[in-house]
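1. Provide a 3D model corresponding to the input given below.
(chains A, B, C and D)
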There are 4 protein chains.
Amino acid sequence: MTNVAIIGATGYGGVELIRLLQTHPSVRLSFLSSETYAGQRVCDVYPHLAASETVLQKLDPAAVAECDFALLAVPAGTSMDVVPQLLEAGTRVVDVSPDFRLRDASLYPRWYNLDHKCPELLEQAVFGVPELHREPIKSARLVAAPGCYTTGALLALAPLLADKLIDPSDIIVDGKSGLSGVGRTALQLPYHYPEANEDAAAYAVTGHRHAPEMLQELRLLTESKVGITFTPHLVPMTRGILLTMYVKPLADVGAGDLRAALQRRYADEPFVRVLPDDQWPHTKWAAGTNLCFLAAGADQASGRAVVVSAVDNLGKGMAGQMVQCLNLMLGVDETSALHAQAVHP
Amino acid sequence: MTNVAIIGATGYGGVELIRLLQTHPSVRLSFLSSETYAGQRVCDVYPHLAASETVLQKLDPAAVAECDFALLAVPAGTSMDVVPQLLEAGTRVVDVSPDFRLRDASLYPRWYNLDHKCPELLEQAVFGVPELHREPIKSARLVAAPGCYTTGALLALAPLLADKLIDPSDIIVDGKSGLSGVGRTALQLPYHYPEANEDAAAYAVTGHRHAPEMLQELRLLTESKVGITFTPHLVPMTRGILLTMYVKPLADVGAGDLRAALQRRYADEPFVRVLPDDQWPHTKWAAGTNLCFLAAGADQASGRAVVVSAVDNLGKGMAGQMVQCLNLMLGVDETSALHAQAVHP
Amino acid sequence: MTNVAIIGATGYGGVELIRLLQTHPSVRLSFLSSETYAGQRVCDVYPHLAASETVLQKLDPAAVAECDFALLAVPAGTSMDVVPQLLEAGTRVVDVSPDFRLRDASLYPRWYNLDHKCPELLEQAVFGVPELHREPIKSARLVAAPGCYTTGALLALAPLLADKLIDPSDIIVDGKSGLSGVGRTALQLPYHYPEANEDAAAYAVTGHRHAPEMLQELRLLTESKVGITFTPHLVPMTRGILLTMYVKPLADVGAGDLRAALQRRYADEPFVRVLPDDQWPHTKWAAGTNLCFLAAGADQASGRAVVVSAVDNLGKGMAGQMVQCLNLMLGVDETSALHAQAVHP
Amino acid sequence: MTNVAIIGATGYGGVELIRLLQTHPSVRLSFLSSETYAGQRVCDVYPHLAASETVLQKLDPAAVAECDFALLAVPAGTSMDVVPQLLEAGTRVVDVSPDFRLRDASLYPRWYNLDHKCPELLEQAVFGVPELHREPIKSARLVAAPGCYTTGALLALAPLLADKLIDPSDIIVDGKSGLSGVGRTALQLPYHYPEANEDAAAYAVTGHRHAPEMLQELRLLTESKVGITFTPHLVPMTRGILLTMYVKPLADVGAGDLRAALQRRYADEPFVRVLPDDQWPHTKWAAGTNLCFLAAGADQASGRAVVVSAVDNLGKGMAGQMVQCLNLMLGVDETSALHAQAVHP
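-> Below is the predicted model:
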C-alpha cells in the first residue's frame, strides 16, 4: 500500500479525492489536511462519509513528507509554499492548484496577483493530462493538473491541431459550468442559491485564469500562432462543464475528418468517448465519473465546425484526473478507482 | 377598447399574452382559442388564473375575423391556413409562428418540411422587432414576430453591422436557453424533469430553424456577405435566453466602440438596456419582462470581441414583443402592459 | 401622494417592496435605506431595476420620521430601536421583523436572544394579516406583519378553529420553503448553490421562530388548548412556501365541511383562493403574487384531514402582505399594486 | 458467476440495477429486457453506458427462466404474468413491482385496478426489506421489494413500534420526493421540466398506492390498531425521498429514547445511519447509494416527536435494496456492489 496525503481534503476537490481513493486497491490515505476543520473527523464535516473517521490536521509539510504521494487541492499560492520541501523529501506530488501549471513564471503576477516563489520548479512540472503527456507523467516527481475548463478544451482541440486540421489562430471556446466549480468556501452572493438558481450569465469575459494554460498547451501542438477566445458561463446546475468550440477547418477538411481524428486519437483511451455523427454530449453523462465525451460536426454554410466536450468539473476536470495521474505514477492500472459510471438520472 | 383574439391561448406564449393583455388599458380579450382545451375555461386549465373565466374555443376563423387584432402563437403551418382569411376581413395580425418570417418561400420545405400556402403574403409581412422596424410595424396588416433566439441576436448585432464595426462574414452565436422554450405540449424525454435537470447540452447543432431568419434580417443591414454559426443549448432553468456572440471588429474598432454604438442606438429605447464596461447580463434580470440586456467587450489577445444579450424567451423573445408590436399598430403608448420588472430573486 | 420609506430596501423583502410600490398609484418612495449599500443607487445594486436611480441611505430615523409611512424589512432587533421615534413623529409603521409580533415580551430573550426595548408598544401593535384583522389594521399606527410560514398556516387554520371544526390541541404543520426565505445576506454553506441544489432537509426541528407567533394567533381563535407541531424544510427552489397541515376534525365533521368553511370564509377575499375537491395548491401558482391557495381533504381511514396552503414567501408571506396592510391603512383599494398574476411557467 | 436477468432494464430502476450489477463480483447480466428498445444495445439507449453493448430483448419468460435470478422493475400487472413460470423453472425472483407486495389479493382491484392472477403466490412472497426480514429473504424464492416511500417509513417506524415507544394509531408521514420517482416513461405535463421546476405540491392526498403496504408491514409489528396518514409531495430535484414522520411517544418516552431505539436496532446494519441529537438527514447524503439516514427528536410543547428518514428513491428505495436482497439470496457479502458513497456535492 502506498501512503497518500490529501492537502485541502474538505474542499469539493478534496472530498472527491477521498471518495475515489477510499476504493483504491493500492492506496492508504495517511494524512488529510484541512485548515478550517483541523481536529475534526471527516465524518463530522461530511456526515454522508459516516465511515471516514480520520481526523483532519493542519497542513504540516513534515508529516506530508513522510507520505509517498501528496495530492494538493488548494487555492493559488499555497502549493508553492510546500512543494519544494515535499520534493526534497522524495514525496511525489500531484497539484491541481495553478501554482505549477504555467511554465512562464512571469505570468503569475498578472493572472494570480502573486510572485512565484520557486520558479525553478516550473520546468520539471509535467502538465497532468494523461492523454497528452502519459509517459512524462509516469516518471514525474511533480504533476500540475490543469483546470477543469482546460481539460475539456485540450482533449477536444489537441488532436485537431496535431493533425493540422484546423486553423490554430482562430479558436473560440464557449464554456458552461455548474456551480460546484466555484468551490465550497466561495460563499459569495452570485453563488447564493436564490441568485444562481434560474439564471445564466457569462463571467470573467475579459480574461479567465484558465486561458493562459490553454494557450500554453495548445502552442506545444503547433508551430503556428495560436489564438483563443474563451468565455466561461455559469448555468444553474451543480456538476459538469460543457465546452462548445468553434473552429475553422483548413481547406478540404470536413466534419467527418475532425470526428475521425478524434476517434483515431482516442480509440484506446479508457476515459474519452467520441460520439458518432449528430450525437452531442450531455454533461449528465459524465457526472461523478472520469469520462470526457467529445463530438464534432460542421456548419457547412459558415465554414465553421463545432466541437463539443463534456466533463465533470470535479471528475476528469479535477479529482478524477489527479487519480489517473497518480495511477500512472504508481505504475498500476490507469483506471484503478475510476470505474464509476454516471448515476442516472 | 380594441377586440383582440389570441390563437393558441393555452401554450406558454398564449398564457403569457393573456397575463400581459389582461392589464392592457385599451384591449379586450374577445376570443381565446385552444384546440386541446376548447370548452373549458382558462382558469380550469391554469388554476393560477382563477379570475379568467373566459371559455376557450376551437379556432374559428370567422369568429376571429370579427376581432380587430389576432395574435397567433401556434406551431408552424397553422397560421398560413387562417391568416389570408383574417387579412381579407380586415383583422390585423401579429403572428409569432414562423409562417411569415421568411421572405423566401422556398426555405419552408427545407426548414419546416411544408410548402407555403400563401407565399404572396410573405412580401407584405413586417418582421416584428420594433427597435429595427418601428415605422413599418405601425401600419402593418401582418407582423411576423421573430423567434426568441433571433430577437436576442438581432438586437445585439444590428447596430454593429449597421455602423460597419464588425466583419459580417464571421459571426458566431452561442445560445443558452431555458426549457420553457420547448413549449408546453412537447412532452418528450429530453424535457422530462429528471433528464433535463442537472444537465447541459447542445442541440440542433447542424442547423436550427432560427438560423435562416437571423441570416435574412442581418443581410438587410449590410451589403457584404453574412456568415453566422449558431449553436443553441438547453440549460436547466425555466425561463431566459443568453446569447454569447463572438464577432470580429474591423480595423481600429475597439470594445468601447461597440458598446458606444449599442448605447447610441438604444438610448431612447424603453426595452433595451446597454450595460457599462465589464458588467454582463443575467437572464434573471429579464425574467417576466420585455427587456433585453446587452453588453460588449473585447478580448484583446485574440482580436475577437464578445457581445452578450439576455432576454426572457417568452417575454421580449415572444409574448412581450408581440404586445409591443400590437401597441405600435394600435397607436398607443408602446410600453402599455409592458411595465413589469423582474420578480427578484 | 403618500410619502413612504422602506427600511432594509436591498434585502429580498425590500426589493420586492420597491417592485410593488413603484406601480402604486398613491405612493411615492421617499426614503430607501440600506446599511450595506448606502450611497449607491438602487440600480447599482440591482441592475434589473435600471430605472431606479434613488440613492440608498443609511437608516436615519429623523429622515424616516418625515415620511407618512415606514415599511421595515430588517432583522430582529432593529425595529425596536427606531419604531418608538417614528410613532412619536406620527409616522405609521408596517414592520415585517419579529420585533412587534409577540405580545408577550418575555418570549424575545428565548426566541430571539434579545431583551425587548419597548415592550409597552407590543400591546398596540396589530398583527398584520388583513383577512383576520382588517378593521384594526385600518386604523393601526403599528402593524406587525407575520412571518411567511405563519401567514400560510393562519389562513388555513383560522376558519377551521373559529368554526370549531377541528381539535385545536393536535395540529401538525409541515412546511416546505424555497431558499429565498433565508434572505439575501445569509451567505452560509447550507444556502450555497452546490449544497442546496438537489437536496431536501428539515431544519429548526426542535423549534422554529415562527412557532410562537402561530401559537399566539391561533390561541385567539379558540378557548381550548392549542398544540402545534411545526417542522420547516428547505427544498431546492427559489420562491414559495407549501404548508401541509394535518388536523383532527371533530365528530361528524367531514372533509367537505372543512372545505366549505374555507370557501365561506374567503368568498369575498381578493387574495385567497380555495380550491375545489381534489385539487391541491402548487407554489408556482402564487409566485410573484399576493395570493394564497388553500385546499382541504380528508383521509378517511386514519381520521385525519389534510389542509394545504401555498403562498409566495416574499409575496403574501412578506412584501405583498405589507402592501396590503399599507393599502388598508391608507384607505385606498386593498388590491392597489397587488394585481400581478404568476409569471407562468 | 450467477446468471441474472433484469426485466425492465431501461427504466430508471433498471438502469440503476445495470450500474450496480456491472461491478458485482459474482453476477453475470445474462438477459436484459426492454419492450421499448428491444433490438438496441444498452449503450444506444444510454450513451453514458458506452461499454454496455448487450442487446436488449423483448421479455421472453423462457429465456429468463434459464437465469438463476430475475430482477423485475416493471409496472403493476406485468410481474404476475411471468413470475409463476419463472418460479416453476427454479429461477428466483426479486420483484420491485407492487404485484407481490400485498398479502391480501382483494386490495389489488382497489389500488391497482386489476385482479390478481396468482394470489396463491402472495403468501410465499417475502417483503424485501433486509433490515426487517433478513432470514426469510435468504431462502426466499420470491422477494417483493417495497416502494420507495415504504422503505423510508418502515426503517424509521419499525423499531419504535417494535419497542412499544409510540402510539401505533396516530402516525403521520409527510413525504417529499424527487422527480425520478415518477419513472422514465411518465412523459406527462406535471413532470415536464418547465412545470416541475420551481414548484412544490402535494399529490395523491386522498390515497397513495404505497399506503396499504406501509400499513400491512407496520401491522406485523404491533397488536394494536395502526393508523397512518400519508401525504406525498413532489419537490424540484431528481433524486431522493425525505420522510418527516410525526409520532406520539407513549408515556414517559422521550426523544432520546426514540433515538436510542433506532441506534440500538441499527448498530450493526451496514446501510442505516442513525444521526446524533439535533442533526437531521439530507437527501443529498444518500444520493446514488443504498444508505438510509435516520434522526429523531421531540417537540416538548406539543407532545409529538419528529422522526425523519432520507433515502435515494432509486437506491435504498429501489435498485439498491433489490441488490441487497439478491446478495442475501446468493449468500454473498450483503454489501457486494453497494459500497458507493454519495457523489458530493
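2. ok, now which ones touch A:Thr151?
-> A:Val129, A:Cys292, A:Val311, A:Lys316, A:Gly317, A:Gln321 (C-beta atoms under 8 Å, 6 or more residues apart in numbering or on different chains). For glycine as for every other residue, the C-beta is placed from the backbone atoms N, C-alpha and C.
3. Tell me the secondary structure of it, please.
-> helix (DSSP: H, G, I helix; E, B strand; the rest coil).
4. and it, how far is that from chain C?
-> From A:Thr151 over to chain C the distance is 19 Å, taken as C-beta to the nearest C-beta, to the nearest Å.
5. Sort out which one of the contacts of A:Thr151 lies nearest D:Pro281 for me.
-> A:Gly317 (29.3 Å; C-beta to C-beta).
6. Count the neighbours of the closest one for me.
-> 29 (other C-beta atoms under 10 Å in any protein chain shown).
7. ok, which residues in chain A are in contact with chain C?
-> Contacts of chain A with chain C, taken as C-beta under 8 Å from any C-beta of the partner chain, map to A:12, A:178-180, A:182, A:184, A:186-189, A:191-198, A:236-238.
8. Which of the residues you listed fall in helices?
-> A:Tyr12, A:Tyr193, A:Pro194, A:Glu195, A:Ala196 (DSSP state H).
9. give the contact list for the first one.
-> The reference is to A:Tyr12. A:Ser180, A:Gly183, A:Arg184, A:Leu314, C:Pro194, D:His344, D:Pro345.
10. Hmm, the last one is touching D:Lys284, no?
-> I take that to be D:Pro345. Yes. In this structure, D:Pro345 is within contact of D:Lys284 by C-beta atoms under 8 Å, at 7.1 Å.
11. coming back round to it: quick one: buried ones out of the residues of chain A next to chain C?
-> If you count burial by 16 or more other C-beta atoms under 10 Å in any protein chain shown, the buried members of the residues of chain A next to chain C come out as A:12, A:178-180, A:182, A:184, A:187, A:191-198, A:236-238.
12. returning to that earlier point: of all the ones in helices among the residues of chain A next to chain C, which comes closest to A:Lys138?
-> A:Tyr12 (27.6 Å).
13. Which residue ranges make up each domain of chain A?
-> Chain A is divided into the following domains under automatic domain parsing: A:2-124, A:149-312.
14. wait, which of those is closest to D:Ala261?
-> Of all the domains of chain A, it is domain A:2-124 that lies closest to D:Ala261, at 19.1 Å by C-beta to C-beta.
15. which bits of chain A sit near chain D?
-> So chain A meets chain D at A:12, A:15-16, A:19, A:22-23, A:46-50, A:180, A:184, A:197-198, A:238-239, A:273, A:275, A:279, A:282, A:284-289, A:291, A:293, A:339-345 (C-beta under 8 Å from any C-beta).
16. Which strand or helix spans A:Thr244?
-> strand A:241-247 (DSSP states H and E).
17. quick one, what contacts the residue of the stretch 201-345 of chain A found nearest chain C?
-> Of all residues in the stretch 201-345 of chain A, A:Thr238 sits closest to chain C, at 4.8 Å by C-beta to the nearest C-beta. A:Thr238 makes contacts with A:Gly178, A:Leu179, A:Ser180, B:Glu198, C:Tyr193, C:Pro194, C:Asn197, C:Glu198, D:Pro345, as judged by C-beta under 8 Å, 6+ apart.
18. quick one: which of D:Pro345 and D:Lys284 has more around it?
-> Taking neighbours as other C-beta under 10 Å, D:Pro345 and D:Lys284 compare with D:Lys284 leading, 27 against 23.
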